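1. Based on what follows, work out the 3D shape:
(chains A, B, C and D)
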Protein chains: 2
Amino acid sequence: MSIHFGSTKDISTFIREITWHFGSRGLKGECCGDLSQPEYRALCMASEKSKGAMRMVAKSLGFTMSGASRVIDRLEKMGYAKRKRIPEDGRVCCIEVTPSGQTLIKNLSQEYDNRIDKIMSKIDPAMQEIIGTALRSFVKMIKQED
Amino acid sequence: MSIHFGSTKDISTFIREITWHFGSRGLKGECCGDLSQPEYRALCMASEKSKGAMRMVAKSLGFTMSGASRVIDRLEKMGYAKRKRIPEDGRVCCIEVTPSGQTLIKNLSQEYDNRIDKIMSKIDPAMQEIIGTALRSFVKMIKQED
DNA sequence: TATAGTTAGTTGACAATGTCAACTATTCAA
DNA sequence: TTGAATAGTTGACATTGTCAACTAACTATA
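-> Numbering: from 1, shown residues only, chains lettered A, B, ... in the order given. A predicted model of the protein is given here:
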């Protein structure tokens, strides 16, 4: 209990608000276009790490292998990703993002940025700066949560 | 495009991280104990506004009336809430949070606070202050998003 | 070099959750 | 007093993720 500012309760409330607002159930359920949040995340995952094997996808999503497999099934069916066997290990299968998938990521990302930008633009520039700094620091810490 | 700090892209990324991390799929899927996020939110809703009719629940969740009804079904089955007809209007049904529900809210809220507190306590006090201010300002703006 | 044990991933059966459309019951308005 | 509107519920259904059982491939050991 070493918090001296507005109090932990405030922060909790703020985080809940943000989580809900930008979550899959937020504003018009609009978080990732046609994709669910897990699908979007998986696609990004696969796009960043070319070595994005199923296992990594599952881990990143917090899903079972089974669940991850299903997510990739859907992305494949939609034409955004493709499974590729690798010669090094016949069991492993890497996820390749198709050009159509790349485009989708770019567009969704842009839409999201626009949304954030629209919100931020109504805030006083000094506070914008503060928000950037604050979020960076906060996110850094949550990544260390065990 | 009036953003001059780290850039909108950073903020977007931070928000996505927070949304995911604290969302229903985050750390061990632990967001609201036995309750799903919608269930928790509905229960809070009903607890805050004593006039928490189904309609309000549905609106607050972004669900159809049908969906809201199902959520309350579950809360009722778990013994956390109870439907109450009101005399003013025979159609309306208000959601009453049971004592057991009140306790649950209190406990979940406490757990959440502890989690946040644990994160915040690792951050330099000055930055804690900044985060509080920043989040307050940010959340205020997202509530105005149309 | 067999062979037993891991590891990667898939799939069938299932449970949970929310939508749509159709329904009941009540209230409001003319 | 009747017809339209409003509140809410429910059946049928689609989606999504889990568990358990499975296949296939790799690895270490005898």
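2. ok, and for stretch A:96-110, which residues are buried?
-> A:Val97, A:Thr98, A:Gly101, A:Leu104, A:Ile105, A:Leu108, A:Ser109 (16 or more other C-beta atoms under 10 Å in any protein chain shown). Quick note: C-beta positions are derived from backbone N, CA and C, even for glycine.
3. Please identify the nearest residue in space to the fourth one, excluding sequence neighbours.
-> The reference is to A:Leu104. Setting aside the residues directly before and after it, A:Leu104 is nearest to A:Tyr80 in space (C-beta to C-beta, 6 or more residues apart in numbering or on different chains), at 5.8 Å.
4. One more: the first one?
-> The shortest distance from A:Val97 to any residue that is not its chain neighbour, by C-beta to C-beta, 6+ apart, is 4.4 Å, and that residue is A:Ser47.
5. Confirm that neighbour sits in a helix?
-> Yes - A:Ser47 sits within a helix when classified using DSSP: H, G, I helix; E, B strand; the rest coil.
6. Per-residue confidence at A:Met1, what does it come out as?
-> pLDDT, A:Met1: 44.
7. My error: substitute A:Lys28 in the last question.
-> 58.
8. could you measure the residue positioned nearest the centre of chain A against B:Asp10, distance?
-> Compute the mean C-alpha point of chain A, and by C-alpha atoms, centre = their mean the closest residue is A:Arg41, 4.4 Å away. Taking C-beta to C-beta, to the nearest Å as the criterion, A:Arg41 is separated from B:Asp10 by 18 Å.
9. hey, where'd the helices end up in chain A?
-> A:8-22, A:37-48, A:54-61, A:65-77, A:99-120, A:125-142 (DSSP state H).
10. Now tabulate those helices in a markdown table and tack on mean pLDDT and distance to B:Lys122.
-> Compiled in a markdown table, the helices of chain A are given as follows (pLDDT from 0 to 100; distance: least, C-beta to C-beta, whole Å):
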| stretch | mean pLDDT | distance to B:Lys122 |
| --- | --- | --- |
| helix A:8-22 | 91 | 13 |
| helix A:37-48 | 93 | 26 |
| helix A:54-61 | 94 | 24 |
| helix A:65-77 | 97 | 31 |
| helix A:99-120 | 94 | 26 |
| helix A:125-142 | 95 | 6 |
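11. got CSV for the ones you listed, with distance to B:Val71 too?
-> Output for the helices of chain A, formatted as CSV (distance: least, C-beta to C-beta, whole Å):
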stretch, distance to B:Val71
helix A:8-22, 14
helix A:37-48, 20
helix A:54-61, 25
helix A:65-77, 23
helix A:99-120, 27
helix A:125-142, 28
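12. Now distance to DNA strand D too, for these, in CSV please.
-> Converted to CSV, the helices of chain A look like this (distance: least, C-beta to the nearest atom of the strand, whole Å):
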stretch, distance to DNA strand D
helix A:8-22, 16
helix A:37-48, 4
helix A:54-61, 8
helix A:65-77, 2
helix A:99-120, 15
helix A:125-142, 20
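13. Quick one: closest of those helices to B:Met56.
-> Across those, B:Met56 has its closest neighbour in helix A:8-22 (15.5 Å, C-beta to C-beta).
14. ok, the residue nearest to the centre of chain A touching A:Leu61?
-> Yes - A:Arg41 sits in contact with A:Leu61 when judged by C-beta atoms under 8 Å, with a separation of 6.1 Å.
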